[in-house]
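Undergrad: next come a sequence and a model predicted from it.
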Amino acid sequence: MQESELKSLIRNANPDNLDNFATRCHNTLCYTALFARLPDEFQIDIWRSWKLNPYLLGVKLFMGDGLTLFMEEEFSDLLYIRKSFKWYTKHTEARTLVCWLRDLEDDIDYHWTPLGAVNSLFVTEASRNYNMPRRMEELPAVRLRKEEPLCFNRTQPRYARLKKQAEWMLRDVNGRKEYWDYETLIKDYDTWAGIMGPAMKNMMRKTYVCPPHMTCHGEKASSGVPFKPKSYTNFLDELRRVMRENAPFCFAMNNQFPDESGYYWFIPGTKTDNPTS
């Protein structure tokens with residue numbers, strides 16, 4: 001992380017004090033200075049993928065958080081910004097060497113805030129060569145929007161990462177392969193960098209219930225029709241099968257109807273087991 005020429009704009013902001021932070025840093029210039037702390041190469045990757053520089057990211061962050069500005073719930077936007085601000089300050093002052101995922105694609109459109117989209121890309125140095133690199137756990141967890149389905153295809157690096165990582169969701173039990181239990185998998189997804197972890201967490205259910213507005217197909221996924229798994233193990237079985245076939249798929253995170261006929265269409269159903277997914 002690096003200090004920028006805009007450091008005077010954020011020097012006196014105190015993220016531990018809501019009133020102080022709201023008056024001194026809840027503005028476009030302060031948020032611009034926050035994003036300017038990203039390494040130059042990271043800023044270039046963001047520009048190439050999202051056509052956003054620190055100023056435009058700052059504007060986007062400022063304009064998008066008004067609805068939950070003064071809420072102190074875990075996922076209020078300003079609380080998320082304050083926690084992130086502390087992390088950025090700590091690692092800027094230490095001039096920490098940071099690593100990040102480089103396949104940004106259009107992820108910013110699926111994150112609750114642009115800061116969450118950026119934060120999700122940081123990976124720990126120790127895990128940078130893992131099948132699924134791990135996120136910086138000091139940063140608050142990200143939250144995804146659900147208005148649009150998330151779709152993936154074999155040309156994407158994230159598709160390849162998930163395909164490899166999926167085999168590690170199984171363990172040997174008395175000579176046979178079984179999935180790790182539900183809670184263990186959810187905890188593991190929480191550690192993944194990028195968009196795949198929160199997306200997988202959103203699709204996991206102990207019980208899948210078909211929405212009343214659609215007809216669901218069960219047990220085996222088919223291209224172009226909504227697939228409601230019988231269980232989380234059925235979901236993982238079918239997801240792994242689809243990826244073995246190198247076929248494209250979508251996570252319809254809000255139970256949307258299929259709009260990509262050539263894609264396998266996974267729905268989470270109406271029952272939510274993960275309140276923060």
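TA: Perfect, thanks for sending it. Residues are numbered from 1 along each chain as shown.
Undergrad: which residues in this structure form strands?
TA: Counting by DSSP state E, the chain has strands at residues 99-100, 122-123, 150-152, 170-173, 176-179, 226-227, 249-251, 264-266.
Undergrad: would you mind measuring from the spatially closest residue to Glu238 that is not a sequence neighbour to Cys30?
TA: With Cβ to Cβ, 6 or more residues apart in numbering as the measure, Ala221 is the residue that lies nearest to Glu238, at 4.4 Å, once sequence neighbours are left out. Using the backbone N, CA and C atoms, a C-beta is placed for each residue, glycine as well. Per Cβ to Cβ, to the nearest Å, Ala221 is found 46 Å from Cys30.
Undergrad: which of these two has more neighbours?
TA: Ala221 (23 against 20; other Cβ atoms under 10 Å).
Undergrad: now do the phi/psi pair for that one.
TA: In this entry, Ala221 is assigned phi and psi values of phi -70, psi 140 (degrees, to the nearest 10).
Undergrad: and Ser261, how many neighbours does it have?
TA: 9.
Undergrad: for the residue nearest to Glu238, give me the pLDDT.
TA: In the prediction, the pLDDT value recorded for Ala221 is 93.
Undergrad: name the residues of stretch 149-162 that are buried.
TA: Using 16 or more other Cβ atoms under 10 Å as the burial criterion, the residues of stretch 149-162 that qualify are Pro149, Leu150, Cys151, Phe152, Arg158, Tyr159, Arg161, Leu162.
Undergrad: what average pLDDT does that stretch get?
TA: The predicted model gives stretch 149-162 an average pLDDT of 96.
Undergrad: what separates it from the chain centre, distance-wise?
TA: Its chain's C-alpha centre lies 14 Å from the corresponding centre of stretch 149-162 when counted by Cα atoms, centre = their mean, to the nearest Å.
Undergrad: contacts for it?
TA: For stretch 149-162, the external contacting residues (Cβ atoms under 8 Å, 6 or more residues apart in numbering) are 103, 105, 110, 131-133, 144, 194-196, 199-200, 243, 246-254, 256, 259-260, 263, 265.
Undergrad: quick one: buried ones out of those?
TA: Buried members of these, scored by 16+ other Cβ under 10 Å, are 103, 105, 110, 132-133, 144, 194-196, 199-200, 243, 247-253, 256, 260, 263, 265.
Undergrad: tell me which entries of the residues you listed lie within helices.
TA: Using DSSP state H, the members of the buried ones among the contacts of stretch 149-162 that fall in helices are Met196, Ala199, Met200, Met243.
Undergrad: hmm, the second one is touching Ala252, no?
TA: Same thing as Ala199. No - when contacts are counted by Cβ atoms under 8 Å, Ala199 is not listed as touching Ala252 (11.1 Å).
Undergrad: farthest pair in the buried residues of stretch 149-162?
TA: The largest distance within the buried residues of stretch 149-162, taken as Cβ to Cβ, falls between Pro149 and Arg161 and amounts to 19.5 Å.
Undergrad: give the buried residues for the lengthiest helix in the chain.
TA: Scanning the chain for the longest helix, with DSSP H as the assignment, gives helix 77-93. By neighbour count on 16+ other Cβ under 10 Å, the buried set for helix 77-93 is 77-89, 91-92.
Undergrad: list just the nearest of the residues you listed to Glu238.
TA: Minimum distance to Glu238 across the buried residues of helix 77-93 is 33.5 Å, recorded for Tyr80 (Cβ to Cβ).
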